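S.K.: Fold the following and give me the result.
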Amino acid sequence: MHVDEVTGHLMEGQPGIPADLVRTLLGVLRQRLGLDTAWLSSFHDDTQTIEVLDGDAASFGLSPGLRTPLSESYCVRVIDGRLPSVVPDTSQNQTTHALPVTDEMGLGAYIGVPVPGHAGTTSGMVCLVSQEPKPYLGDDDLRLVKQAAELIGTLIESPVRQADSVDRRSAIRRVVSELDFEVVFQAIHDVASGRAVGVEALARFPCEPFRPDAFFAEAAQLGIGIQLETAIVRRVLSLLPQLPDDVFVSINISPAAALVAPWSELLADVEPSRIVLEITEHDAVPNYGALDDVLEGCRAQGVRVAVDDVGAGFASFSHVLELAPEFVKIDHSIIRHIDVDDARRRLAQAIAEFAGQFGAMVIAEGVESQRELDAVRAAGIGCTQGFFLSRPKAHGHGFPAATATADPSEPLPAAVDLLGERRFELALAHSPIGMAVVGLDGSFLRTNRALRAMLGYSRRAMSELTFQDITHPDDLDLDLALVNECLEGRRRSYRIDKRYIAADGSIVWCALTAVLVHAPRDQPRCFVSQIVDVTADRLREAELARRASTDPLTSIANRSAAWTRLEQLDQSGEGYGVLFCDIERFKSVNDRHGHHAGDQLLVEVAQRLHDTLDPFDLAARWGGDEFLVITRCVEEPALACLAGRIIDRMDATPIRLPGGVEESVAMTIGFAAHRPGDGRSVDDVLDLADQEMYEQRRRRPRVRRKLSVSRPR
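M.R.: The predicted model follows:
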């Protein structure tokens, strides 16, 4: 995905995203974080390409289309965990301080977040940098960049609709560009009196696919979904003065659109207390930090928040826990046949009780009959909407009370344990995402089928375990520390990637989201945990890191991996030795037999070199026909012995090349070492070994020698 492709898609009438949108997002991030430059890069064939830039690019030597090796970048080190995503001062981080790119670009501070691609891959990176250190950068800034990267990833990876015609795509674009849509309103009624207490704004479209959810989906695939949502919000707010003063107005908006909407401008000339933002989302939001920030800003002006489609899937429950909305709308799939389905009635009642714990108003969607209306009231739900009560209509027709009202019902019995087994199983039995109710001591009070299948434990086995028992020891301290922060009132939830120990002893990487639930008088009660298997994602990340550190021809370590090993040894204070190995007259092999033969010779040399070394030593292709060996040996006799073993291995048999040709290998080896306290840097040691190798070659008589070894004098 290059910058010309980003804009070219639109020029050709194909789905894509405008580069201006990405640049705008980058500009907002850069200005908010106080950094100099921001860019979006893409990854392809171990190379990263700068796609979109914002800010002072020239000072860092950047330009759109610039390609650089991924192995030399900060990016790959962030992805594989060697670098944090936020580096406030590159001079204070040992890894960034040692990387050549830091000095080459003049980097003082850095933030980098991977852009999620198709099926869990990483398609690129959102990066922000400055020439000066920025000590204030922290977790809040990282959450903001992550949300933007996820948004960009969603836009880039939107699936292309193969069956749609050019005319249909053009019609959707025309609707958005010309704002050719209609807004109607459906009343929300008080169940007992029938009075209209609010209205929900609904968009209607003049062309295929007509159905609003399908139209929004296809607009999103064309990269104009957020533009459409923002335009609808703007239209609804412009109609607010024409609506009855005594009703609230609920406006549907996705998390992605809520993040970028210009709320200060939109809310400037309206009464915010009448506005309810109805968050629509059927998939779990990966990061609620930035969304919380935006909604809190709106709430500070009087806007209220609703969660839509509660009960339709896990994501809605996650929204309720995370957003603590003022309104909870129960999905029509739960309300349909609620009068004859005991499970639906109990689930609706449980949701109503849950919402009541944090003071939310509950609205039942999709009421289609008097009997459903009566069942809704019996479940303790105060408001409802549906065709049985009133149909959507234009704003000029008023919103009278519904002619139908619910029959009075007996008062609800005292609330029972909301998270009891029956209600928990009703709510989550069909969720594909692992869920658990965890006691304050770590015991599993309730678990769903998805979690037990993921980890391989039976219900009984899980009930006898604590999360401490099945957490990998290396992850337990962090998990416990976050639990304690929740219990001490310093946070209400946390998210981490951690390893679980499955019943068969295998390791399962999971993304854990835990939310603390409080009892009356704000006493901690239990945790509700969402547990998603991300093992496949981790394996993909590991494979990307492996590719970034592996020479694609010889399959041994590359120059980047060798640098990393040297940096690690240097930082640990341990001694190490290096051997520079150079193949003599390699060019003549290419000249006489072709580059394919030369490649085969390099592969065989690399394999023999690798087979000669001890498990703790590293063989790397340094570049061209040069190889580097890194060893823990620091004494000259040991280094000389290792060089001798390499010589013997190379000299054992000629290398057979394509076409049956055999070639002997002539190699020059120079070595040097760093011993603790000798003051030598990594560069010093490499220079010494390199100089000795070339000095040996310079002093040698001009006669053919198969192999030689240079030793420091």
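
S.K.: quick one: buried residues of stretch 323-338?
M.R.: By neighbour count on 16 or more other Cβ atoms under 10 Å, the buried set for stretch 323-338 is 323, 325-332, 334-336, 338. C-beta: built from backbone N, CA, C; applies to glycine.

S.K.: With stretch 110-118 instead?
M.R.: Under 16+ other Cβ under 10 Å, the buried positions of stretch 110-118 are 110, 111, 112, 113, 114, 115, 116, 117.

S.K.: My guess is the first one contacts residue 131. True?
M.R.: No: Residue 110 is not in contact with residue 131 according to Cβ atoms under 8 Å; the separation is 11.0 Å.

S.K.: quick check, distance from stretch 67-80 to the centre of its chain.
M.R.: Distance, stretch centre to chain centre, for stretch 67-80: 17 Å (Cα atoms, centre = their mean, to the nearest Å).

S.K.: which residues sit against it?
M.R.: Residues outside stretch 67-80 that contact it (Cβ atoms under 8 Å, 6 or more residues apart in numbering) are 41, 43, 46-50, 83-85, 87, 95-96, 99-101, 110, 112-114, 122, 125, 127, 541-542, 544-545, 548-549, 558-561.

S.K.: In strands only, show me the residues you listed.
M.R.: 41, 43, 47-50, 87, 110, 112-114, 122, 125, 127 (DSSP state E).

S.K.: In PyMOL, how would I select the buried members of the residues you listed?
M.R.: Buried members of those, defined by 16+ other Cβ under 10 Å, are picked up in PyMOL with:
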select buried, resi 41+43+48+49+50+87+110+112+113+114+122+125+127
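
S.K.: now, which of the ones in strands among the contacts of stretch 67-80 sits nearest residue 196?
M.R.: Nearest to residue 196 among the ones in strands among the contacts of stretch 67-80 is residue 113, at 45.0 Å by Cβ to Cβ.

S.K.: What pLDDT does the model give the closest one?
M.R.: Listed pLDDT for residue 113 reads 93.

S.K.: so it touches residue 146, yeah?
M.R.: Yes: in this structure residue 113 lies within contact range of residue 146 using Cβ under 8 Å: 5.1 Å.

S.K.: and for the two, which residues touch both?
M.R.: residue 85.

S.K.: And for the residue lying closest to residue 559 once chain neighbours are set aside, the neighbour number?
M.R.: Once flanking residues are discounted, residue 559 sits nearest to residue 622: 5.6 Å by Cβ to Cβ, 6 or more residues apart in numbering. Residues within reach of residue 622, counting by other Cβ atoms under 10 Å, total 21.

S.K.: if I look at residue 622, how far off is residue 69?
M.R.: 14 Å (Cβ to Cβ, to the nearest Å).

S.K.: which residues of the stretch 301-450 of the chain fall in strands?
M.R.: 304-310, 327-330, 361-365, 383-385, 434-438, 444-447 (DSSP state E, counting those that start in this stretch).

S.K.: Can you get me a residue count around residue 437?
M.R.: 22.

S.K.: partner residues bridging it?
M.R.: Legend: beta-bridge partners of residue 437 under DSSP bridges are residue 446, residue 528.

S.K.: ok, now which ones touch it?
M.R.: Counted by Cβ under 8 Å, 6+ apart, residue 437 has contacts 419, 424, 444, 445, 446, 447, 526, 527, 528, 529.

S.K.: where's the fourth one relative to residue 517, distance?
M.R.: I take that to be residue 445. 11 Å.

S.K.: Equivalent analysis for residue 385, please.
M.R.: Residue 385 is 29 Å from residue 517, by Cβ to Cβ.

S.K.: so what does the longest strand along the chain touch, helix or strand wise?
M.R.: Assignment by DSSP E gives strand 507-519 as the longest strand of the chain. Under the contact criterion of 3 or more Cβ pairs under 8 Å, 6 or more residues apart in numbering; DSSP states H and E, strand 507-519 touches helix 314-323, helix 449-455, helix 473-487, strand 493-501, strand 523-533, helix 535-549.

S.K.: Where among those is average confidence lowest?
M.R.: When I compare the helices and strands packed on strand 507-519, helix 314-323 is least confident, with a mean of 66.

S.K.: where do the strands sit along the stretch 51-200 of the chain?
M.R.: 67-69, 86-87, 109-116, 122-130, 182-190, 196-204.

S.K.: Report the rounded mean pLDDT for the longest strand of the chain.
M.R.: 87.

S.K.: Stretch 150-164 too?
M.R.: 59.

S.K.: just stretch 84-100 next, same as before
M.R.: 88.

S.K.: tell me which residues of it are tucked away?
M.R.: So, applying 16+ other Cβ under 10 Å, buried residues of stretch 84-100: 84, 85, 86, 87, 88, 89, 90, 93, 95, 96, 98, 99.

S.K.: which one is the first one nearest to, not counting chain neighbours?
M.R.: Pointing back at residue 84 there. residue 78 (7.3 Å).

S.K.: Residue 563 versus that neighbour, what's the distance?
M.R.: 16 Å.

S.K.: Kindly report the same for residue 697.
M.R.: 24 Å.

S.K.: Which residue ranges make up each domain of the protein?
M.R.: 3-156, 166-397, 421-537, 550-710 (automatic domain parsing).
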